[in-house]
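> curious how this folds, go ahead:
(one chain, ligands or ions: 1)
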Amino acid sequence: MIPCSINTCHNLEWKKQLAQAVTSPAELLSILNLKSDELGLGKATELFGMKVPHAFIARMEKNNPKDPLFLQVWPEDKEFELADGFSKDPLQEQSANPIPGLLHKYGSRVLTISAASCAVNCRYCFRRHFPYDEQKYGDSNWQDWLDYVTKHPEINEIILSGGDPLLLSDEKLSRLFNRISSLPQIKRVRIHSRLPLVIPNRITQDFLELCTSVGFRVILVWHINHANEIDQHVKEAAEKCHAANIMQLNQSVLLKGVNDTCQQLQSLSEKLFDCMIQPYYLHTLDPVQGAAHFELPESVIRDIYSELLASLPGFLVPKLVKEEANRRSKTPLLLS
Ligand code: SF4
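Numbers count the residues shown, from 1 in each chain. Prediction:
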């Protein structure tokens, strides 16, 4: 196999890039010319593994321990600290899990856990402790999901979530989409993925053709937190999706040290607009154990957001929301 490096990775097929993702903290520091005496040894991989594709590392600035992309993936020693109010299942998802791999939290839509891992491990992830190995994946349990949906005619949307659903091969996605097409009640399939961001080659011709051939609308929700995550390869992938009539939205998480200024969020919205991606949600951090160092005080969040409102046209301002356990919707954070 050709080893992937920062310079060659974009030419490799996405599965090869994935197989060559960096999982060793020491290797990541070496690529970025960073020192472990300042950053530690990345021991928090004991709590949650590290995984970063080279194509994403290529967008990080060398010699910069505060790079906003690096901070999202670096296993900080602070992850070992327990913080009040932070837990392993902050959204109590496991109580909304009627059958393995399917969550029914909101009336008209169900969320399916379509894969057991991701292409990148984000340190703030609210599912970092999710018991993926207790779920079922693949063709055998799709029928259970679809039977559940059929028994709930109020459901008109299926959300493919993660682990990352675009880890499924195009052949497998095609089989899943065909099964979903047999349910006339389904109007939309929403894909939440960070894979096309970290490995833009994931937007293959087969995937695009699949999305245009099905009887329901496909929505791709990108999870981009900072404008530096968007390079020319990401832009081209988004343009292909746009040309294939895939609706594209973006949701971000507001993270201390990563994107906690109005100027950064403004640049992100402008860059999303250039890529035909609509800013959609700006989430506050879910209080998941190990991620407390990303938390911002609510007063700071409100200040940033009110500045953002004054800086952008309304259609480029994502909705500021908080996700709370056992609520029938996300909670909008209203400015007083
Ligand atoms: S890609 Fe999404 S689900 Fe996967 S680790 Fe990152 S935030 Fe979590």
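> chain neighbours aside, what residue packs nearest to Pro25?
Nearest in space to Pro25, with sequence neighbours left out and distances taken as C-beta to C-beta, 6 or more residues apart in numbering, is Gly42 at 2.5 Å. C-beta coordinates here come from the backbone N, C-alpha and C atoms, glycine included.
> quick one: the closest residue in space to Glu295 that isn't next to it in sequence and Val253, what's the gap?
Among residues not flanking Glu295 along the chain, Leu285 sits closest, at 5.2 Å (C-beta to C-beta, 6+ apart). Leu285 is 6 Å from Val253, where distance means C-beta to C-beta, to the nearest Å.
> overlap in contacts of these two?
Common neighbours of Leu285 and Val253, using C-beta atoms under 8 Å, 6 or more residues apart in numbering, are 124, 294.
> residue contacts, the residue nearest to Glu295?
For Leu285, the contact set (C-beta under 8 Å, 6+ apart) comprises 124, 253-255, 291, 294-296.
> of those, buried ones?
124, 253-255, 291, 294-296 (16 or more other C-beta atoms under 10 Å).
> okay, and which of these map to strands?
Val253 (DSSP state E).
> ok, so of the buried ones among the contacts of Leu285, who is nearest Leu265?
Closest approach between the buried ones among the contacts of Leu285 and Leu265, by C-beta to C-beta: Leu254, at 8.1 Å.
> separation between that closest one and Lys187?
Leu254 sits 31 Å away from Lys187, taking C-beta to C-beta as the criterion.
> equivalent analysis for Asp89, please.
30 Å.
> ok, these two, which is more surrounded?
Comparing Asp89 with Lys187 by other C-beta atoms under 10 Å, the one with more neighbours is Asp89, at 17 against 12.
> what's the pLDDT at that one?
We have a pLDDT of 88 for Asp89.
> my guess is Ile199 contacts Ala119. True?
Yes - at 6.0 Å, Ile199 and Ala119 qualify as touching, with contact defined as C-beta atoms under 8 Å.
> tell me, what's touching these two both at once?
Common contact partners of Ile199 and Ala119 (C-beta under 8 Å, 6+ apart): 18, 53.
> around the ligand, which positions in the protein sit nearby?
118, 120-122, 125, 127, 162, 164, 194, 223 (C-beta under 6 Å from any ligand atom).
> quick one: least confident of those residues?
Gly162 (77).
> number of nearby residues for that one?
Applying other C-beta under 10 Å, I find that Gly162 has 26 neighbouring residues.
> surely it is in contact with Thr112?
No - contact between Gly162 and Thr112 fails when scored by C-beta under 8 Å: they sit 9.7 Å apart.
> need the strands for the stretch 151-300 of the chain, in chain order.
Using DSSP state E, counting those that start in this stretch, the strands of the stretch 151-300 of the chain run over 157-161, 188-193, 217-222, 247-253, 278-283.
> between the fourth one and strand 217-222, how many degrees?
With axes from the mean of the first three to the mean of the last three C-alpha atoms, to 10 degrees applied, the angle from strand 247-253 to strand 217-222 works out at 30 degrees.
> contacts for strand 247-253?
With C-beta under 8 Å, 6+ apart as the criterion, strand 247-253 contacts 124, 217-225, 238, 241-242, 259, 265, 268, 272, 275-286, 294, 318.
> buried among those? Make that a ChimeraX selection.
Buried members of the contacts of strand 247-253 can be picked out in ChimeraX with the line below, counting by 16+ other C-beta under 10 Å:
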select :124,218,219,220,221,222,223,224,225,238,241,259,265,268,272,275,277,278,279,280,281,282,283,284,285,286,294,318
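> count of neighbours near the nearest residue to Asp274 once chain neighbours are set aside?
Excluding the flanking residues, the one nearest Asp274 by C-beta to C-beta, 6+ apart is Lys235, at 6.9 Å. Neighbour count of Lys235, defined by other C-beta under 10 Å: 16.
> ok, Arg123 next?
Counted with other C-beta under 10 Å, Arg123 comes out at 23.
> which parts of the stretch 151-300 of the chain are helices?
170-181, 195-198, 205-213, 232-243, 262-274, 298-311 (DSSP state H, counting those that start in this stretch).
> and the ones you listed as CSV, adding mean pLDDT?
Formatted as CSV, those follow (pLDDT from 0 to 100):
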stretch, mean pLDDT
helix 170-181, 95
helix 195-198, 98
helix 205-213, 97
helix 232-243, 98
helix 262-274, 98
helix 298-311, 97
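> quick check, Ala325 in contact with Gln92.
Yes - if you go by C-beta under 8 Å, Ala325 and Gln92 touch, sitting 3.9 Å apart.
> got the strands of the stretch 151-300 of the chain as TSV, with mean pLDDT columns?
Converted to TSV, the strands of the stretch 151-300 of the chain look like this (pLDDT from 0 to 100):
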stretch	mean pLDDT
strand 157-161	95
strand 188-193	98
strand 217-222	98
strand 247-253	98
strand 278-283	98
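> number of nearby residues for the closest residue to Thr261 other than its chain neighbours?
Computed as C-beta to C-beta, 6+ apart, the closest residue to Thr261 that is not its neighbour in sequence is Ile304, at 6.8 Å. Neighbourhood size, Ile304 [other C-beta under 10 Å]: 21.
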